[in-house]
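Q: Any chance you can model this:
(chains A and B)
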Amino acid sequence: MPTDKYADMEEKLWILEDLNMMYIRQIALSLQDSDIQKKIDHEIRMRDGACKLLAACSQRDQALEAAKSLQTCSTRIMAYMSELQRMKEAQVMQNVPRRASDAGPMDERLPCKGKVAISDLRIPLMWKDTEYFKNKGELHRCAVFCLLQLGGEIFDTDMVIVDRTLTDICFDNTIVFNEASPGFELRVELYSCCSEDDYSAGSTPRKLASKLSSSLGRSAGKKFRAAMEPGACSPVSNGGAAPLLLPVPSVPGPKYHLLAHTTLSLSHVQDSFRTHDLTISGNEECSYWLPLYGSMCCRLAAQPNCMTQQMMGGWLKVKQCGGDPQTWTKVYAVLKATSLFCYQQQEDVEANVEPALTIGINKETRIRASERDPHSKGQNICISNRYGGEEVTHTLNTESREDTHRWMEAFWQHFYDMSQWKQCCDDLMKIELPSPRKPAPVTPKQGSLYHEMVIESSDDLGSTVSDILARRMQELELRSQLGMSPTWMPVFEENCPKSTGFPVRPCSSRLSGHSPHSPHRHPSRSPVSPHRCPQLGLLSSDASLTSDTDSHCSTSPCSHRHGWPEPPSNFSLLSSSPSRLRPRTLSLDAKLSTLRGRGYGGGGTFQCSCQPPSSSLLTPLPASSRSPLSQRSTQTTLSCSSSTSSNSSSNSEGSHSPESSEGGPFSRPSPARRSLRNLRARLDPRNWLQSQV
Amino acid sequence: MSFVPGQPVTAIVQRIEIQKLRQGENLILGFSIGGGIDQDPGQNPFSEDKSDKGIYVTRITPGGPAEVAGLKMGDKIMQVNGWDMTMVTHDQARKKLTKRKEDVVRLLITRKSLEETVKQSMGCHPKQ
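A: Numbers count the residues shown, from 1 in each chain, chains lettered A, B, ... in the order given. Alright, predicted model coming up:
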């Protein structure tokens, strides 16, 4: 009765959970701290919600996001609970009467708190070059995110899908922690989860799972088994140190595992990017493994409160030694950051008026209270700075002793803060507050570094060649009845048995190599039958594919399309056997039109041939036309070659669908998108580029 | 036609001079090239040595200037107007071939059949 056993276990877990909750509530009550209690309750509700969502959602993306929230909530709950326990312990300790020798100074000076911000996290990956150039096989993808913990605050970054086209994992979020002390420890954890569709069976019964894993191929089976037993790879799959305390309810679905972690502290804070080492857990056998380079770059900035807030303010009288003889100026002084700002009036502080006098207060400054000045009441405070080689001293005078004492206290506190926050007090570091989340942020899919390189195409002949061809084709269409075809014509002709005798060979050679060297083909693409009338200068290419190339073609070729359904009689010869045509769907029609409108491609700039052209010589043309589905090869013309490159660019981008950018069947992809795809096709090292010269 | 790093490259080459054809504003040669040091050499269908990252002629437009000049598909381009083509990126090669100010390109190309031809001729006429 295995099912009974499982149900039994689950029940026990629930009981444990309830008991734990009661315990926690009691602690919270006794501490009279309802704040943490509320937080824990909130997180538990969130976690339940995430569990339900995980059980209910069907799409992989949703499941990953829900699993991520689950992980975050669990971690937060752990943190709050340990915080609660700590507070309880502290309370208990306080109640125990302490011996005199144990008691430390009762009023220990505490440094001020500050804001710590971490941003621009980047984790480089180190794929093997064989992996990178590999075009076969499924793209192994992982979903990753970072969990950042400082004190009691835990934040997670957005989730990023990583596959072998990425060179770095980049997280764009800026995370700001508000109550950090100088001795903070910021723990960064990288969680990842394998994102293969096949391995999402969390609830497969064990026997079936083992059968499947033994019947699948070795590596696939290994992966499957690893996915089924997350515990084998990482002992802490629940993200908690004490799994029995509020254990995470086991839900079917993707589970994140800790891949790497590191801890950052004050010594890592700097106003610029720095690289830190990562400690990697897990090994190559785990399903969630990614080849990390072993370091992490980020910008860790801190703004201690003493730099951003006003630490002390009040009325003072200031005299500069060595300056005006013995004249006291009454000012409203504000101690902030690295200076004492002296304003003439209190309102000036908010009014952002320039202070009348600024006295620097930094590590080099020396402040001492001097003897009671016979000329004025209260004590004097002397502030000495060295500017250049000179020593400049200002004397402050306050109204009363208490004031003096308060000012001195403020100065001591300020010095203490600066000594604790060290390099953060030299200059104010900028922290950009994360803007409120924009709805549906438009982020281009992360591509590899190669895709982001910019190339000026000022000298690009590709577009100009296509222009030439476009114009030529227009001329040809006009002259075609006369039977005058220039030397270039056969390039565009398909069944040219009646053509001018130019060998068919060049045509078919261009058919070659459109072989998919990757199984990533979108079945929705319907190639056009080759029997489309080539006399129209047709680029009957694989409809959905032609992307790219910045062809500035005129729209006049479009107009010819409308003549398509009623082919003129003199074209009937060429539009042979329409019965062999596949029924044209609306989308195909539209795609054709966009193709035509787009003109003649990029002058064949990109073409990917992966087979020796000699083999294609053996492929008779009609055969290719007969099986338009199986042979994605498109009909020649220079634009075809560009379409195949976009084909291969779609391959190389794995699941990235170039079709997705073609919004709607009747729209033309904008030149920007085309050129982007252009660029990607050119820059993807897995293509073997060819250029027309 | 593989090379040994550090050793000079030797090959039997043929000079081909191609007159660019003017098409409106542009000059075209009428062939396509593939390869380059930034490309994956394993995908080159013409090269004998699959680690050869040289520039190869992958397509000749029939009747174009290149065909007229005698360029053949599968030729490896060694030099263009004196510029080396054995260690260039794909884009560099393309640029050297498509300079606007040049009407003619003089290529040094090599192909397997050249070697055979030379060997045969040497065989028939042994050295004196």
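
Q: Could you spell out the sheet neighbours of the helix or strand harbouring A:H276, each with its direction?
A: Element membership of A:H276 [criterion: DSSP states H and E] is strand A:273-277. Paired strands of strand A:273-277, with direction, are strand A:295-304 (antiparallel) (DSSP bridges).

Q: after the partner strand, next one along is what?
A: Using DSSP H and E, the helix or strand that follows strand A:295-304 in sequence is helix A:305-308.

Q: tell me which strands and helices that next one is in contact with?
A: strand A:114-124, helix A:401-421 (3 or more Cβ pairs under 8 Å, 6 or more residues apart in numbering or on different chains; DSSP states H and E). Yep, even glycine has a C-beta here, placed from its N, CA and C like the rest.

Q: Mind listing the strands the helix or strand that comes right after it pairs with, and their directions?
A: Taking DSSP H and E as the definition, the helix or strand that follows helix A:305-308 towards the C-terminus is strand A:310-320. Using DSSP bridges, the strands paired with strand A:310-320 are strand A:329-336 (antiparallel), strand A:390-397 (antiparallel).

Q: returning to what we had before: between the helices and strands packed on helix A:305-308, which gets nearest to chain B?
A: Nearest of the helices and strands packed on helix A:305-308 to chain B, taken as Cβ to the nearest Cβ: strand A:114-124 at 20.9 Å.

Q: Buried residues in that closest one, which are they?
A: A:114-119, A:121-124 (16 or more other Cβ atoms under 10 Å in any protein chain shown).

Q: What are the boundaries of the helices in chain B?
A: Assigned by DSSP state H, the helices in chain B fall at B:65-69, B:90-97, B:112-124.

Q: Could you check how far B:V57 is from A:K12?
A: Relative to A:K12, B:V57 is positioned 74 Å away (Cβ to Cβ, to the nearest Å).

Q: thinking A:Q85 is in contact with A:I27, fair?
A: Yes: A:Q85 is within contact range of A:I27, at 7.2 Å (criterion: Cβ atoms under 8 Å).

Q: if you count what's nearby, which of these two comes out ahead?
A: A:I27 (18 against 14; other Cβ atoms under 10 Å in any protein chain shown).

Q: Helix, strand or coil: sort out the more buried one for me.
A: Per DSSP: H, G, I helix; E, B strand; the rest coil, the secondary structure class of A:I27 is helix.

Q: Tell me which residue is most central in chain B.
A: In chain B, the C-alpha nearest the mean C-alpha coordinate belongs to B:I77, at 1.9 Å (Cα atoms, centre = their mean).

Q: Specify the beta-bridge partners of A:K336.
A: A:Q310, A:S339.

Q: show me the contacts for it.
A: Contacts for A:K336 (Cβ atoms under 8 Å, 6 or more residues apart in numbering or on different chains) come out as A:306-307, A:309-311.

Q: rerun at 10 Å
A: A:306-313, A:349, A:361, A:414 (Cβ atoms under 10 Å, 6 or more residues apart in numbering or on different chains).

Q: Same check on A:L121?
A: Residues in contact with A:L121, defined by Cβ under 10 Å, 6+ apart, are A:146, A:148, A:157, A:168-175, A:188, A:190, A:296-300.

Q: Provide the count of other residues in contact range of residue 52.
A: You didn't pick a chain, so chain A it is. Here the number of neighbours of A:K52 (other Cβ under 10 Å) works out to 12.

Q: let's do chain B instead
A: By other Cβ under 10 Å, 18 other residues sit near B:D52.
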